[in-house]
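# Just to be clear, the model below is a prediction. Sequence and coordinates:
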Amino acid sequence: MDETVAEYIRRTVLKIPRDEIKVMLQKWGFLSEAQLQTLNFHQMKDNISQEVVQLCEENSADIKQAAVLDIIYNHIYHNKRMWSVYQMRKTGEELDYFDLTDFKKKFKRRLQSALKNVTITFKEYEDNAIWIRVAWGTPHRKPNQYKPSYVVYHSQTPYVFISASVLKSNLPLLCQALIVASNYHDIREMELRSHSLNSLKDIVFKRYSQNFQTYRPKPVQGKNVEPESVDLRIVQENRSEKERIQRVNREVFGDGPQPILEFAHYRLETMFKSDPKMDVLDKKEPFRCLVKFSSPHLLESLKSLAPAGMADAPLSPLLTCIPQKARNYFRIREKKGLFPESFVSP
Amino acid sequence: HLATSLPLPSERDHLRPRIDLIVFMIDIKSKYSLKNVEGSLAYVDASFFLGKVCFLVTGVGSVNYCSIDTNAICKLGETYCSPVLFCELELEGIRVATAQRLLRMLRICAGLIPGVSALSFGLLMRKSADD
């Protein structure tokens, strides 16, 4: 077995939390159950990984199998990577029958014709998700297995989720290969990024609970919105206002859990507005600045702002439109005319 | 009676007892709360500022998240001739102690302590703050 493969397998196993190693090796299926029985999973991870490499040596593992283990790890720990969403477009309405083998063949052929040194690995999962791992090399160097790109493609949709490696120059090639293989016409990057792959899927596949514009009659007067501590000595003067805030919040955010996003970027290219007497800027140039909201769970924290008394309800549509517009990067330019700002999708 | 802002909703006027003490709570982490308090002050009758108003600043334990300048709050207290108390609601000990202070002030403002009026107490608090 190649030394580089051995080292790669060792490092991959070291990444896995000790309690999960056995399950992941079973999912991998490269080592037999008998071989797994010989492993002591209660020792130090260093030793476990050495023993795993030994067993892989017995089975003559090559980089292809090692890559599959890496996909399995990243499928479970997808939250450790940053994912971007791409949308593909077709000309015409033909619904091609999706052939997996054909897709894989075309994808490989396209990449390998442009770049000899690539490692391409596929793994299919139940929800029609095809995971593709690509390790990139150069005409003179073998692929770097430690900085691969991952692509998740749901064949019944035009959406692709990509976690690119640091080498951004390979991205156009990757996109090319995707549209060729899937019979699409072109691909564009959406302004939507997050660590939570499942939340990105929820947003583009519209799987989160949305606010439907249905007529919702006011709740019956006696209804208590939230279980408050029943201390009769405390009187809430603004109960109706609190209820209004809850209602508006529910209309805007829906009832269910929000998709997990970590940030929203607003790039402002608007004019600085000051007292004309102050004359801050000599030239009338747009004042460029970037406003970034970050949070472990941005949408949930936005939802709790008004009930917590930290903001007025309803919130600015710039904040609340994030899931509907499926974007968390915005560019705000000056709108000529009545309104001082507008929001423009590029 | 808890309210998020003033004026109080008029539909409950008949259910409200006499108001002896108004405590304006300002969260030091939220500029919004200071703005809210400043807006609400306009709806308070001038007679309350003779010792029946107090500012309570919360969240002072988290120094890293201060959004409001304490000087601005102290100035507010001076402008409205009312004491400013600082506390941290997250800590039970301070929470209880602050509640006890407010209760004592309330008893004075309600006229339950013979010989001490709200106005004289207010003056007392102001004098010690200036020293």
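On my side now, so go ahead.

# List, one by one, the residues from chain B near chain A.
Contact residues, chain B versus chain A (Cβ under 8 Å from any Cβ of the partner chain): B:1, B:2, B:3, B:4, B:5, B:8, B:9, B:12, B:15, B:30, B:32, B:33. Where you see a C-beta, it was placed from the backbone N, CA and C, and this is true even at glycine.

# how about JSON lines for the residues you listed, with pLDDT added?
Converted to JSON lines, these look like this (pLDDT from 0 to 100):
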{"residue": "B:1", "pLDDT": "85"}
{"residue": "B:2", "pLDDT": "86"}
{"residue": "B:3", "pLDDT": "87"}
{"residue": "B:4", "pLDDT": "85"}
{"residue": "B:5", "pLDDT": "84"}
{"residue": "B:8", "pLDDT": "85"}
{"residue": "B:9", "pLDDT": "81"}
{"residue": "B:12", "pLDDT": "78"}
{"residue": "B:15", "pLDDT": "81"}
{"residue": "B:30", "pLDDT": "86"}
{"residue": "B:32", "pLDDT": "86"}
{"residue": "B:33", "pLDDT": "88"}
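
# Mind picking the two most distant members of the residues you listed?
Farthest pair in these (Cβ to Cβ) is B:15 and B:30. Separation: 29.5 Å.

# Cross the residues of chain B next to chain A against helices and list the overlap.
B:32, B:33 (DSSP state H).

# most surrounded residue in the residues of chain B next to chain A?
residue B:33 (22 neighbours; other Cβ atoms under 10 Å in any protein chain shown).

# how about the nearest residue to that one, chain neighbours excluded?
residue B:27 (4.4 Å; Cβ to Cβ, 6 or more residues apart in numbering or on different chains).

# Please name the residues that touch that neighbour.
B:33, B:57, B:58, B:59 (Cβ atoms under 8 Å, 6 or more residues apart in numbering or on different chains).

# hmm, back to that, wait, which of the residues of chain B next to chain A is closest to residue A:246?
Nearest to residue A:246 among these, with distances taken as Cβ to Cβ, is residue B:4, at 13.2 Å.

# Quick check: closest non-adjacent residue to that closest one.
Residue B:4 sits nearest to residue A:238 (Cβ to Cβ, 6+ apart), 4.6 Å away.

# The residue in chain A positioned nearest to chain B: what's it in contact with?
Nearest to chain B in chain A, going by Cβ to the nearest Cβ, is residue A:237, at a distance of 3.9 Å. When contacts are counted by Cβ under 8 Å, 6+ apart, residue A:237 touches B:1, B:2, B:3, B:4, B:8, B:9, B:12.

# Can you verify my assumption that the fifth one contacts residue B:16?
Yes. A contact is recorded between residue B:8 and residue B:16 when judged using Cβ atoms under 8 Å, the distance being 7.3 Å.

# Which neighbours do the two have in common?
residue B:1.

# What is the burial count for residue 101?
Reading this off chain A. Neighbours around residue A:101, by other Cβ under 10 Å: 7.

# not what I meant, chain B
For residue B:101, using other Cβ under 10 Å, the count is 15.

# Same question for residue A:44.
Neighbour number of residue A:44 under other Cβ under 10 Å is 9.

# same check, this time on residue B:85
Residue B:85, neighbours per other Cβ under 10 Å, totals 17.

# repeat for residue B:10
What residue B:10 shows, counting by other Cβ under 10 Å, is a neighbour count of 7.

# If we go by neighbour counts, what in stretch A:121-129 is buried?
A:121, A:122, A:123, A:129 (16 or more other Cβ atoms under 10 Å in any protein chain shown).

# From those residues, which land in strands?
Using DSSP state E, A:121, A:122, A:123, A:129 are the members of the buried residues of stretch A:121-129 that sit in strands.

# who's in contact with the last one?
This means residue A:129. Residue A:129 makes contact with A:152, A:153, A:154 under the criterion Cβ under 8 Å, 6+ apart.

# Settle this for me: the last one is touching residue A:127, isn't it.
Yes. Judged on Cβ under 8 Å, residue A:154 makes contact with residue A:127 at a distance of 7.4 Å.

# that older thread, and the contacts of residue A:129, which of them are in helices?
Per DSSP H, the subset of the contacts of residue A:129 in helices is empty.

# quick check, nearest of those to residue A:261?
residue A:152 (17.4 Å).

# how close does the residue nearest to residue B:33 sit to residue A:133?
Distance, residue B:27 to residue A:133, by Cβ to Cβ, to the nearest Å: 49 Å.

# Just read off the phi/psi values of residue A:256.
phi -80, psi -180 (degrees, to the nearest 10).

# Do I have it right that it meets residue A:208?
Yes. Between residue A:256 and residue A:208 there is a contact under Cβ under 8 Å: 6.2 Å.

# ok, the two, which is more surrounded?
Between residue A:256 and residue A:208, counting by other Cβ under 10 Å, residue A:208 is the more crowded of the two (16 against 11).

# Double-check the more buried one against residue A:255; I have them as touching.
No. Residue A:208 is beyond contact range of residue A:255, at 10.3 Å (criterion: Cβ under 8 Å).

# Contacts only, for the residue nearest to residue A:119 when sequence neighbours are not counted.
In this structure, residue A:119 finds its nearest non-sequential neighbour in residue A:135, 4.0 Å apart by Cβ to Cβ, 6+ apart. Residues near residue A:135 by Cβ under 8 Å, 6+ apart: A:67, A:118, A:119, A:143, A:144, A:145, A:147, A:148.

# Let's see that with 10 Å instead.
Residue A:135 makes contacts with A:8, A:63, A:67, A:70, A:117-121, A:142-149, A:165, as judged by Cβ atoms under 10 Å, 6 or more residues apart in numbering or on different chains.

# For ChimeraX, what selects the buried ones among these?
In ChimeraX, the members of the contacts of residue A:135 classed as buried (16+ other Cβ under 10 Å) are selected with the following command:
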select /A:8,63,67,70,118,119,120,121,143,144,145,148,149,165
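
# Figure out the helix or strand that the residue in chain A sticking out farthest from the centre lives in.
Largest separation from the mean C-alpha position in chain A: residue A:233, at 48.1 Å (Cα atoms, centre = their mean). Using DSSP states H and E, residue A:233 is not contained in any helix or strand.

# what does residue A:85 give?
Assigned by DSSP H and E, residue A:85 falls in strand A:83-89.

# Output the contacting helices and strands for the next helix or strand along the chain from that strand.
In the C-terminal direction, the helix or strand that comes right after strand A:83-89 (DSSP H and E) is helix A:100-114. Here helix A:100-114 touches strand A:118-124, strand A:129-138, strand A:141-154, helix A:171-182, going by 3 or more Cβ pairs under 10 Å, 6 or more residues apart in numbering or on different chains; DSSP states H and E.

# Which one of the ones you listed lies nearest to residue A:103?
Going by Cβ to Cβ, the one of the helices and strands packed on helix A:100-114 nearest residue A:103 is helix A:171-182, 4.9 Å.

# tell me which residues in the closest one are buried?
Buried, per 16+ other Cβ under 10 Å, within helix A:171-182: A:171, A:173, A:174, A:175, A:177, A:178, A:179, A:181, A:182.

# Nearest residue to the fourth one in space, please, no chain neighbours.
In this case it means residue A:175. residue A:187 (4.8 Å).

# didn't residue A:208 look like it was pressed against residue A:261?
No. The pair residue A:208 and residue A:261 does not pass the contact test of Cβ atoms under 10 Å, sitting 11.1 Å apart.
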